[in-house]
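>>> Test case, fold it:
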Amino acid sequence: QLQLVESGGGLVQPGGSLRLSCAASGFTRDYYAIGWFRQAPGKEREGVSCITRIGGSPNYADSVKGRFTISRDNAKNTVYLQMNSLKPEDTAIYYCALMSTTVQPMCPLIKLFYDYWGQGTQVTVSS
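Numbers count the residues shown, from 1 in each chain. Prediction:
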C-alpha cells in the first residue's frame, strides 16, 4: 500500500520559514516525480512545486519562485519543501502527491497527473 505522509506544517509569522517533508513508502516500482500542492479555503487546489526522482529541473509556480525550494533525498524516499519569506496568502493545506508516469520536459503542476496523495498538513501564516 503506497503511502505519502506530510509533516512540518504549523503557524508562522509573515516573513518566517517552514520546511515541509513528504515521506513515501510502500511503492513497488520507481515513480517519476513528487509534487506539492496547496488548497486554501474556498479555492481550488493548486500546484506549488514538483521534482523528479532522477535528474531534471524542479518546477515552481510563479507565486513561490524565489521563496520556496524543493529538494529530495532518494535514500530516505523523502521530498522537502523549504518555504521562506512566507506571506499570509501562502496559508493553505499543503499536500504532496506522487506521479507514476513520465512527462517531458519536466514534471507538471497539474493535479490530474498525480496518482497518489497524502492527507495534507496545515500551514498558517499570520501575525
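
>>> Skipping adjacent residues, who's closest to residue 115 in space?
Distances taken as CB to CB, 6 or more residues apart in numbering place residue 100 nearest to residue 115, at 5.1 Å, with adjacent residues excluded. Glycine gets a C-beta too; all of them are placed from N, C-alpha and C.

>>> How much space separates the one you found from residue 57?
According to CB to CB, to the nearest Å, residue 100 and residue 57 sit 20 Å apart.

>>> Which of those two has more residues huddled nearby?
Neighbour count, other CB atoms under 10 Å: between residue 100 and residue 57, residue 100 has more, with 15 against 10.

>>> who's in contact with that one?
29, 31-32, 115 (CB atoms under 8 Å, 6 or more residues apart in numbering).

>>> Now a PyMOL select for only the buried ones of those.
Buried subset of the contacts of residue 100, written as a PyMOL selection, criterion 16 or more other CB atoms under 10 Å:
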select buried, resi 31+32
